[in-house]
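**Q** what would the 3D arrangement of this be:
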Amino acid sequence: MFSFFFIRACSVSYNHTHALRVIFKVWLEDGRCFSEKKKTICVFCGANSGKDVAFVNATYHFGKVLGRRKIDLVYGGGRLWLMGCVSIAVARHKRQVLGIIPSASTINNLVGETCGKEIKVETMHERLLTMMELSNAFIALPGGFGTLEELFQMISWAS
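**A** Okay, the predicted model is just below:
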């Protein structure tokens, strides 16, 4: 059983702190999204920051809250923009950060150095399978078509 949550871009840009408070009050504080003792959330989000600084602020705040609540992070790897914001915030709270990255993305350091541990995989399919195996829950923060594709793949596999 997996838990999913998708933060709409308009919710984050309008009032990101309220949206994040609602998520944690309803979804994380009661513990229903975690069936195991180890709490690990996989975050899908854009490598780009978008046009609104609220996305960066909300993503960084989200990572801080994960860290404070002792929740580990699995994500797409690297340190660029939104993925970097969430990973750095979680790592600053001494939580485990694990980037799952296709080996093609490591050529010429396209995504930046991963904050924490890194697992290199050959294909995007293998990346998503690894993320699913290592995570209790999945959250999609603002991103593009790649973010949506990853989220929909997880939902499809879980159903």
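
**Q** quick check, Val121 in contact with Thr130.
**A** Yes. At 6.0 Å, Val121 and Thr130 qualify as touching, with contact defined as Cβ atoms under 8 Å. In short, each C-beta sits where N, CA and C put it, glycine included.

**Q** identify the contacts common to these two.
**A** Common neighbours of Val121 and Thr130 (criterion: Cβ atoms under 8 Å, 6 or more residues apart in numbering): Ile100.

**Q** higher neighbour count, the two?
**A** Val121 (19 against 16; other Cβ atoms under 10 Å).

**Q** what sits against the residue nearest to that one when sequence neighbours are not counted?
**A** Distances taken as Cβ to Cβ, 6 or more residues apart in numbering place Arg127 nearest to Val121, at 4.9 Å, with adjacent residues excluded. Contacts for Arg127 (Cβ under 8 Å, 6+ apart) come out as 76, 100-102, 121.

**Q** distance check, Ile71 against Ile88.
**A** As judged by Cβ to Cβ, to the nearest Å, Ile71 and Ile88 stand 15 Å apart.

**Q** of the two, who's got more company?
**A** Using other Cβ under 10 Å as the criterion, Ile71 and Ile88 rank with Ile71 on top: 23 against 17.

**Q** so who does that one touch?
**A** Counted by Cβ under 8 Å, 6+ apart, Ile71 has contacts 28, 39-41, 90, 95.

**Q** OK, contacts around Asn48?
**A** 80-82, 143-144.

**Q** in JSON lines, list the contacts of Arg127 along with pLDDT.
**A** Below are those laid out as JSON lines (pLDDT from 0 to 100):
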{"residue": "Gly76", "pLDDT": "88"}
{"residue": "Ile100", "pLDDT": "93"}
{"residue": "Ile101", "pLDDT": "87"}
{"residue": "Pro102", "pLDDT": "84"}
{"residue": "Val121", "pLDDT": "94"}
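
**Q** filter the residues you listed down to the ones in strands?
**A** Among the contacts of Arg127, the ones falling in strands (DSSP state E) are 100-102, 121.
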